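make a model of this:
(one chain, ligands or ions: 2)
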Amino acid sequence: MALYRRIPGAIAVITLTNPPVNALSCTVREAIYETVKRATADQEVKAIVLCGANGKFCGGADIKEFSREMRGPPLVPMIDMIEESEKPVVAVIEGVAFGGGLELALGCHYRIAHSGAQVGLTEVTLGLLPAAGGTQRLPRLIGVPAALDIITTGRHVSAQEAVRLGIVDKVTDSSAMEEAIEFAKTVAGEPMGPRRLSLWTAACPEDLDSLLEGALVRIRQRSRGALAPVACVQAVRAAASLPFAQGMKKEQELMAYLFTSGQARAMQYCFFTQRAAARWTTPSGASWENTKARPVRQAAVIGLGTMGKGIAVSLSRAGIPVIAVETEQKRLKAGRKAVNSMLTRESQKRGLAEAHLGSISFTLDLRKLRDTDLVIEAVFEDMALKKQIFSKLSSVCRPDALLCTNTSGLNIDEIASAASRPELVVGTHFFAPAHVMKLLEVVCGPRTSPVAVATAMQLAKRLEKIGVVVGNCSGFVGNRMMRPYTEQAYYLLEEGARPEEVDLVLEEFGFAMGIFRVMDLSGLDVGWRSRKELGLTGPKLPPGTEARSRGGKRYSPLPDILCESGRLGQKTGRGWYLYEKERVATPDPWLQSFLEDYRSRFGIQSRRVGQDEILERCLYSLINEGFRILQEGIAASPEDIDVIYVSGYGWPRHRGGPMFYAWMVGLPKVLDKLEHYHRTHPDIPNLAPSSMLRKLVARGSPPVHQWRALIQQHSSQL
Ligand SMILES: CCCCCCCCCCCCCC(=O)CC(=O)SCCNC(=O)CCNC(=O)[C@H](O)C(C)(C)COP(=O)(O)OP(=O)(O)OC[C@H]1O[C@@H](n2cnc3c(N)ncnc32)[C@H](O)[C@@H]1OP(=O)(O)O
Ligand SMILES: NC(=O)C1=CN([C@@H]2O[C@H](COP(=O)(O)OP(=O)(O)OC[C@H]3O[C@@H](n4cnc5c(N)ncnc54)[C@H](O)[C@@H]3O)[C@@H](O)[C@H]2O)C=CC1
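Ligands and ions are numbered 1, 2, ... in the order given. Below you'll find the model as predicted:
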């Protein structure tokens, strides 16, 4: 609702009240209409102050209403009514003014913000555009280039930047409410015409076309195939070239097109599932609601390699003091240098004073960890080494210290078996680069205690990451699903495709990078090491094993052969591609002739592999593994799998995540295709459709949110 009160000085105060974020639900919109009408009609009111309860102006439209029949007064005429008021309306922006919340504020005549506030037209992140006049008023207020950036990215703008750009009129460190009330008194009685943004003209650069073209290129790089940012560009073009009323018409047309799109559904699904992941449960009945996390006042990181450095920076950025441990002086020195320069860059980028960062001390001595609350091990992916470290930690650390491992796929329970308190061992699987990537898989072994899970999930929140609780199996959720996906990509090369063809299909689908470019970036030796560990190649492989078969199933030795010949990806200048100029991937004629030789050596008839087959074999085999994971209870829900893929593996947000995508495509189609590919390639492991997929199809392909109830997993780990 919106509360109305009169205060001395002939001011009416209207307070949006709809916890937690004062979203503009039907009831709130009705109340705004009513209270604004009341204030404008009241002869004794000279000015109106519009604010939000509990220190938040407004989180925008109520997103939950988008999937229901829309009721109540629409936003656009409501904002127009505010703008048309002859009495000044001053918006008090505390906390957030996002989406419709900022559009509401843009309809007001003045905006006063608290210094801690953030504003933004975030609709594009929900597959929409700011269709309550935002695309038309913001360019008129701050000019086309700045508005274009804010509208097409949906980024959050600090109060300081907002005042610099002219989005708000004033920023205050003290009470924005008091400031606004005093200000409202000074402008009461002035003509409001000049403050109505709909009457302004948008300041537009001469080279508008090249500005908009540049934005489209950036959008294509950032989120290929996404409709909303492209529609945003079209709406801003309308603001730059059309009168307000016509611009609004264009805005509405574009919104109508986006509103019912599958992409908007997918992105709104991502918004809610990301938040739902925090509400974890375990079969024992423990949950986020009934389990208290331990406080983490001091942490340690063991190993300052690729991952350890980023983890240490993340902890420090959250204000947690860190002790970083290495094995030898040279590595310690290199680690310290890298971490310090990452921290300097971070503090410059975020405008953080170094004092806000947690201190980091560096040591070779594990005994220094005796007072830490939580240790994160990030040494080589080697079971024996990890067990040795966990055994040492048990004798060094306090008995209640939480012991975390960053293993990307080893058995958590085996690692825990080396610790004296296995219930305090938990997997915290960060993603590279650890100080950037949002995902944290919290891996729960059979002996992991609820308090360990709660503490790791609480840590994720403190590090501004998205924690998802998963069960213990080789590769957990994310990496386990990647395996059949990458294997399909190798098989496609064997059958006649080229790496650039496979990558192009995946990039057209929306991945920022195709799988071969990803492998070149992270280093082919990462997978090689794990295949050697699993005995699929290298010294542990039994002599006489057939080159293209393991355990009676098809195996592709292609990546092993590349590694053996020193092609490890970008770091060696060649992998699946050639890198003559640093980081620029070019198709390599050597690889092409190598593949031809390989095919003729193994008698493989090369064929043209179509784009549909590339996409379906790669994605459906990944999705099929997702169904198996659900069936085994390794993930609690399809939503959790989707959060993992969107936030950790670059799955395009506008496709919702693999499980949501499968449902959008149609589960019967996914099943049909898997059956077809399984028939044509019976030797490929894991192409046989999972029984979970069959069960869902048999039940009429219910929507994703109903799957959890149908799983009824007796052996669920979660
Ligand atoms: C034929 C078709 C015709 C088509 C025509 C259609 C016409 C429709 C016209 C509509 C025009 C409207 C244009 C418009 O106004 C669009 C919008 O405003 S879209 C919404 C934009 N807002 C946002 O993007 C903000 C989203 N929220 C956030 O970013 C964060 O929640 C926020 C920073 C505000 C707070 O963060 P934090 O404190 O960390 O809290 P949580 O994120 O955990 O949120 C707490 C809780 O609140 C729920 N929630 C948050 N925002 C909203 C919201 N806007 N609507 C509904 N619910 C919201 C959130 O989900 C959490 O609850 P859970 O239960 O945990 O999920
Ligand atoms: N690199 C990646 O993309 C990802 C790796 N991981 C996992 O994170 C862990 C670390 O991986 P990376 O950082 O890539 O390895 P890395 O090889 O870059 O670094 C490992 C570091 O551990 C140090 N170390 C080894 N033994 C030690 C000991 N006893 N005490 C202290 N330090 C020791 C080494 O000196 C080295 O600096 C592995 O388990 C890996 O599977 C997880 C997610 C992604």
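
when you work out contacts or count neighbours from here on, use the C-alpha atoms and nothing else.
Fine.

number of nearby residues for the spatially closest residue to Ala117 that is not a sequence neighbour?
Spatial nearest neighbour of Ala117, excluding adjacent residues (CA to CA, 6 or more residues apart in numbering): Gly95 at 4.4 Å. For Gly95, the count of nearby residues is 22 (other CA atoms under 10 Å).

pretty sure Gly95 is touching Gly116, no?
Yes - contact criterion CA atoms under 8 Å: Gly95 and Gly116 qualify, at 6.6 Å.

quick one: end-to-end distance for stretch 661-674.
15 Å (CA to CA, to the nearest Å).

what are the contacting residues of that stretch?
Contact with stretch 661-674 is made by 262, 616-617, 620-621, 623, 655, 687-689, 693-694, 696-697, 701, 703-704, as judged by CA atoms under 8 Å, 6 or more residues apart in numbering.

so for it, what gets flagged as buried?
Using 16 or more other CA atoms under 10 Å as the test for burial, stretch 661-674 gives 661-664, 667-668, 670-671, 673-674.

narrow the contacts of stretch 661-674 to just the buried residues.
262, 616-617, 620-621, 623, 655, 687-689, 693, 696-697, 701, 704.

determine which two of those residues are furthest apart.
Gly262 and Ala688 (28.2 Å; CA to CA).

and the nearest residue to Cys204 once chain neighbours are set aside, backbone torsions?
Nearest residue to Cys204 in three dimensions, chain neighbours excluded: Val144, at 5.5 Å (CA to CA, 6+ apart). Reported as degrees, to the nearest 10, the phi and psi values for Val144 are phi -70, psi -50.

now the residue nearest to Ala117: how far from ligand 1?
Between Gly95 and ligand 1 the computed distance is 8 Å (CA to the nearest ligand atom, to the nearest Å).

which residue packs closest to the spatially most central residue of the chain, ignoring adjacent ones?
For the chain, Ser647 is the residue whose C-alpha lies nearest the centre (CA atoms, centre = their mean; 3.5 Å). Closest residue to Ser647 apart from its sequence neighbours, by CA to CA, 6+ apart: Leu439 at 5.5 Å.

what pairs with the one you found across the strands?
Ile466 (DSSP bridges).

next up, the contacts around it.
430-431, 465-468, 644, 647-648.

now it: how far from ligand 1?
With CA to the nearest ligand atom as the criterion, Leu439 and ligand 1 are 16 Å apart.

for that residue, give me the pLDDT.
Note on Leu439: pLDDT of 98.

relative to Ile466, how far out is it?
5 Å.

residues near whatever residue of the stretch 501-650 of the chain ends up closest to ligand 2, how many?
When scored by CA to the nearest ligand atom, the stretch 501-650 of the chain has Ser522 as its residue closest to ligand 2, at 6.4 Å. Using other CA under 10 Å, Ser522 is surrounded by 15 other residues.

I'd like the numbering to begin with 10 instead of 1 from here.
In the new count, where the first residue is 10, that last one comes out as Ser531.

what residues are up against it?
Gly578.

spit out the contact partners of Pro647.
Contacts of Pro647 by CA under 8 Å, 6+ apart are 635, 639, 668-669, 713-714, 716-717.

mind listing which of the buried residues of stretch 670-683 are in helices?
The helices, defined by DSSP state H, take in 670-673, 676-677, 679-680, 682-683 from the buried residues of stretch 670-683.

ok, so of those residues, who is nearest ligand 1?
Of all these, Met673 has the smallest distance to ligand 1: 19.4 Å, by CA to the nearest ligand atom.

tell me the pLDDT of the closest one.
So Met673 comes in at 97 (pLDDT).

now Asn695
85.

and stretch 347-364, what's buried?
Buried, per 16+ other CA under 10 Å, within stretch 347-364: 348, 351-352, 355-356, 363.

format those residues as JSON lines; extra columns: distance to Val462, secondary structure and pLDDT.
Below are the buried residues of stretch 347-364 laid out as JSON lines (distance: CA to CA, whole Å; DSSP: H, G, I helix; E, B strand; the rest coil; pLDDT from 0 to 100):
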{"residue": "Val348", "distance to Val462": "27", "secondary structure": "helix", "pLDDT": "95"}
{"residue": "Met351", "distance to Val462": "29", "secondary structure": "helix", "pLDDT": "94"}
{"residue": "Leu352", "distance to Val462": "28", "secondary structure": "helix", "pLDDT": "92"}
{"residue": "Glu355", "distance to Val462": "28", "secondary structure": "helix", "pLDDT": "83"}
{"residue": "Ser356", "distance to Val462": "30", "secondary structure": "helix", "pLDDT": "81"}
{"residue": "Glu363", "distance to Val462": "30", "secondary structure": "helix", "pLDDT": "65"}
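
quick one: the residues you listed as a markdown table, columns for distance to Ile72 too.
Output for those, formatted as a markdown table (distance: CA to CA, whole Å):
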| residue | distance to Ile72 |
| --- | --- |
| Val348 | 40 |
| Met351 | 37 |
| Leu352 | 37 |
| Glu355 | 33 |
| Ser356 | 34 |
| Glu363 | 38 |
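
just those residues now: which is nearest ligand 2?
Val348 (12.2 Å).

and the residue nearest to Cys213, how far is that from Thr161?
12 Å.

shared neighbours of the two, anything?
By CA under 8 Å, 6+ apart, no residue touches both Val153 and Thr161.

report how many residues lie close to the closest residue to Glu542 other than its chain neighbours.
Distances taken as CA to CA, 6+ apart put Lys549 closest to Glu542, at 7.8 Å, once the chain neighbours are dropped. Neighbourhood size, Lys549 [other CA under 10 Å]: 12.

isn't Lys549 right next to Arg538, touching?
No - in this structure, Lys549 is not within contact of Arg538 by CA under 8 Å, at 11.7 Å.

that older thread, in a markdown table: the buried residues of stretch 670-683, plus distance to ligand 2.
Shown next, in a markdown table, are the buried residues of stretch 670-683 (distance: CA to the nearest ligand atom, whole Å):
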| residue | distance to ligand 2 |
| --- | --- |
| Tyr670 | 25 |
| Ala671 | 26 |
| Trp672 | 29 |
| Met673 | 30 |
| Leu676 | 31 |
| Pro677 | 34 |
| Val679 | 30 |
| Leu680 | 31 |
| Lys682 | 32 |
| Leu683 | 30 |
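
between those residues, which sits nearest Arg610?
Leu683 (28.8 Å).

I'd like to know how far that closest one sits from Tyr564.
Taking CA to CA, one finds Leu683 at 19 Å from Tyr564.

go on, Ser539?
Distance from Ser539 to Tyr564, by CA to CA: 15 Å.

one more: Val674?
29 Å.

go on, Ala441?
27 Å.

next: Phe280.
The value you get for Phe280 to Tyr564, if CA to CA is used, is 38 Å.

likewise for Arg38?
60 Å.

next one: Thr336
On the measure of CA to CA, Thr336 and Tyr564 end up 37 Å apart.

of these two, who's got more company?
Comparing Thr336 with Tyr564 by neighbour count (other CA under 10 Å), the higher total belongs to Tyr564, at 19 against 15.

the more buried one contacts Arg557, doesn't it?
Yes - using CA under 8 Å, Tyr564 is in contact with Arg557, at 4.7 Å.

what residues does the stretch 260-409 of the chain put near ligand 2?
311-317, 334-336, 340, 387-390 (CA under 6 Å from any ligand atom).

looking at those, which are in strands?
311, 334 (DSSP state E).

show me where the stretch 560-709 of the chain has helices.
567-573, 598-610, 620-641, 647-657, 667-674, 676-689, 700-707 (DSSP state H, counting those that start in this stretch).
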